[in-house]
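K.L.:
kindly generate the corresponding structure for this input.
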Amino acid sequence: MHQQRIIYDDTTVRRFILASVLFGIVGMAVGALVASQLAWWQANLGIPYTTYSRLRPLHTNAVIFAFVGNMMFAGIYYSTQRLLKTRMASDLLSKIHFWGWQLIIVAAAISLPLGITTSKEYAELEWPIDLAITVIWVVFAINFFWTLAKRHEKNLYVAIWFYIATIVTVAVLHIVNSLALPLSPLKSYSVFAGVQDALVQWWYGHNAVAFFLTTPILGIMYYFLPKAAERPVYSYRLSIIHFWALVFIYIWAGPHHLLYTALPDWAQSLGMIFSVMLWAPSWGGMLNGLLTLKGAWYKLREDPVLKFLIAGVTFYGMATFEGPLLSIKSVSALGHYTDWIVGHVHSGALGWNGFMAAGMFYWLVPRLYGTKLHSTRSADAHFWLGTVGILLYMVSMWISGVTQGLMWRAANPDGTLLYPNFVETLLAIRPMYIVRFVGGSMYLVGFVMMAWNLWKTARAGKAVDGETTIVVEPPAPATEPAPASAPKPGWVQVVTGRPLIFAIAILTVTMFLGWAQPVRALVLMGAIVVLGEFAWMVTRRDREAGRPSWFGLIEGRPLAFTVLTLIAILIGGVAELLPTIMLKQAVPAHGQAQAPYSPLELQGRDLYVREGCYTCHSQMIRPFVAETQRYGDVSRAEEFIYDHPFQWGSKRTGPDLHRLGGKYPNLWHYTHMMDPRATSPGSNMPPYPWLAEQRITVKDAPKKLALMQRLGVPYSNADVDGAEVRQKAQAEVITADLATQGVQVAWDSEMVAIIAYLQRLGRGPQDLPAPPEKAPESPGRLPAATIASEEAR
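P.N.:
Residues are numbered from 1 along each chain as shown. Sure, this is the predicted structure:
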């Protein structure tokens, strides 16, 4: 035996903390700006790059991937080395990971305000950046699993389980959702369309929250909370059940974002059922965290680290109660598209992620610089300022969201809408937008106080790397047999373990019963069996002395553990996605299918995506009387079959646009884009005058049609060859109509293209109206009835 000194790589940890704090301030500052824009439209500043619709994706990406992402990596690098008692496998890979991730963030910060976006929520970055994310994630994975291979601690602690699940699942989610065909270095189109694209996107979107914002932070909780409390984790068995149940169930829940949409009912029901089931494992993890402090609650009075960590876990419990609640169809009918969802998301982001980050930073930085925290009083002030800020934010959005939902559906005794003008709702909730801005700004101030406190702490000390000493046993001679009392379990025992055999047997029998379709049989029985088996597995111990449990076998085998985790997350993804993508009967049609867009309409659609119109407008009319009265016929799945990507939206700051085509004349759309308040008094939409000045790239039309042809849109070769001619002909019809009413605009202006797209929504090309034969009596002015239109934003 000999002793070996190990010096940990804490330089990388310090770098990720610094990046997280800096980008956190930037992301939250942008969030405060976009919050102010909802209350005061003038805060859009009148330039393309600072509109709400362009900055909102920048805010979400900065907070998720720059702030939480860097915080997550800092926690993983610090805890992994100490749990495995080894230095990270490669300093070079750690450096590539850090600098590569920061370059990706900078690329996002540049591209999103420029309108370079895919429009897919939490996945807006275009394909070159997506490729870079893939490469850097692979670098991170190699470094992590290489470190596992050279560890000096046999068994894997619970935090490592969550890190493994994060690495594996995020890779799967990112690759599938990012599948696209590039048109140019700055533009691509999703390979999925309509219903399929919506399901894939929210399978990704929900599980990005699950496996980027939840599972790694749970791993961090399981490491740093016991450290800060100086107590062991409350229950090891509960952590096992928590992990496997969460990993298996979470992946199914994505469709709850699409309740009452054109998504097939079976997929909606699956999403709702599994979302409600998530309640149990989520609260299991919360209770395991809170009860870890059993016997040490008195420390909350003096330790700001524990204040933040315990409050963070509490907010996690609140968010994971509210999430399943919002997944119930009747509740979703009221809350979807409203600010209630915004409040729910921010209770998790600010309360769970933000407070866990603050607690981890306050605990880590003094140790990374060999000193004490500069100001405990400042940290306490940060805690209370942040807590009050979150509560103001959440409560204001709850009130705003419920108000929206009730006003949209409110009816007179005769059945007509009580509030037919959408802007009435907007005016009613404006005070809540101001409260939201105040609450978010308070949270930002507290975060800046933390940055100052950490900076002063670092300046008071000097960077130190942690170290440990381990005892290394020399390898046994090849001729020396292993001790009989400690047999090494083989792979056969892992693969033939009773839990796996029992689960496979039940699933096989179910498939042959024939009482349900194979996929549904797999879903219903698989969920029950897998969850039941894992519960049984961890509570039973082999009675024979010296024989570990089945979980004990895989816990010390990273490869087996990773493979089983991958299988657990793939079951749900395959069962939901494959039927929808590959089987026509899984997405039934109920009417006439969508016709392909004309070249000009396709150009206009790309402008709609560039300007981020989907952040404020939906294109999905749900099967409610109030919605059909307000917007028109219910949206059908077959009406989106050529939408690459889909544009259903997730929030209505303005009205739904799916049946907008033909509702208003071209002049109304022109006036609305130039000055929204001229058509919709009280609107908070910014003007878009640059659309009238900037030009489309005319020669892109045939390229776009050719690429769509490759994606399965039925354009003929003649359509592709004649795209420029058709584009100009349709544009000249619109410009001629505007000219008769006193508006002069170039045929190839972006304004004309986006008008063409808006006039197409909900209609086929054959339904477009003929140009007016004569100008109205008052050229250049809209009729009063049109200006007061009840559906204007």
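K.L.:
the stretch 101-250 of the chain: helices as residue ranges?
P.N.:
With DSSP state H, counting those that start in this stretch, the ranges of helices along the stretch 101-250 of the chain come out as 127-149, 158-177, 194-212, 215-229, 236-250.
K.L.:
meant to ask about the stretch 301-450 of the chain
P.N.:
304-326, 329-335, 339-346, 355-368, 376-409, 422-460.
K.L.:
any idea which of the ones you listed is most buried?
P.N.:
When these are scored by mean count of other Cβ atoms under 10 Å, the highest mean neighbour count falls to helix 355-368 (a mean of 25). Where C-beta positions appear, they are placed from N, C-alpha and C, glycine not excepted.
K.L.:
that one packs against which elements?
P.N.:
Applying 3 or more Cβ pairs under 8 Å, 6 or more residues apart in numbering; DSSP states H and E, we find helix 355-368 packed against helix 11-39, helix 69-84, helix 215-229, helix 304-326, helix 376-409, helix 422-460.
K.L.:
quick one: closest of these to Leu259.
P.N.:
Using Cβ to Cβ as the measure, helix 304-326 is the one of the helices and strands packed on helix 355-368 that comes nearest Leu259, at 9.3 Å.
K.L.:
model confidence over that closest one, on average?
P.N.:
For helix 304-326, the mean per-residue pLDDT is 96.
K.L.:
with stretch 754-769 instead?
P.N.:
In this model, stretch 754-769 has a mean pLDDT of 80.
K.L.:
could you do stretch 155-166 as well?
P.N.:
Stretch 155-166 shows a mean pLDDT of 94.
K.L.:
please apply the same query to stretch 630-637.
P.N.:
Mean pLDDT, stretch 630-637: 94.
K.L.:
which parts of that stretch are buried?
P.N.:
Using 16 or more other Cβ atoms under 10 Å as the test for burial, stretch 630-637 gives 630-632, 634-637.
K.L.:
swap in stretch 264-280?
P.N.:
Residues of stretch 264-280 classed as buried: 264, 266-268, 270-280 (neighbour count, 16+ other Cβ under 10 Å).
K.L.:
tell me the contacts of the spatially most central residue of the chain?
P.N.:
By Cα atoms, centre = their mean, the chain has its centre lying nearest to Gly205, at 3.9 Å. By Cβ atoms under 8 Å, 6 or more residues apart in numbering, the contact set of Gly205 is 120-123, 254, 257.
K.L.:
so which of these is the most crowded?
P.N.:
Gly254 (31 neighbours; other Cβ atoms under 10 Å).
K.L.:
surely it and His206 touch.
P.N.:
Yes. Using Cβ atoms under 8 Å, Gly254 makes contact with His206 at a distance of 4.0 Å.
K.L.:
ok, the closest residue to Arg436 other than its chain neighbours to Ala39 distance?
P.N.:
Ranked by Cβ to Cβ, 6 or more residues apart in numbering and with sequence neighbours excluded, the top spatial neighbour of Arg436 is Ser396, at 4.7 Å. Distance, Ser396 to Ala39, using Cβ to Cβ, to the nearest Å: 11 Å.
K.L.:
mutual contacts of the two, please.
P.N.:
Counting by Cβ under 8 Å, 6+ apart, the common neighbours of Ser396 and Ala39 are Tyr433.
K.L.:
go through stretch 593-609 and flag the buried ones.
P.N.:
Under 16+ other Cβ under 10 Å, the buried positions of stretch 593-609 are 594-609.
K.L.:
what of stretch 701-720?
P.N.:
For stretch 701-720, by 16+ other Cβ under 10 Å, it's 701-702, 704-709, 711, 713, 715, 719-720.
K.L.:
got it, and stretch 45-62?
P.N.:
Neighbour counts over stretch 45-62 (16+ other Cβ under 10 Å) mark 48, 50-62 as buried.
K.L.:
closest to Val195 among these?
P.N.:
The nearest member of those to Val195, counting by Cβ to Cβ, is Pro57 at 23.0 Å.
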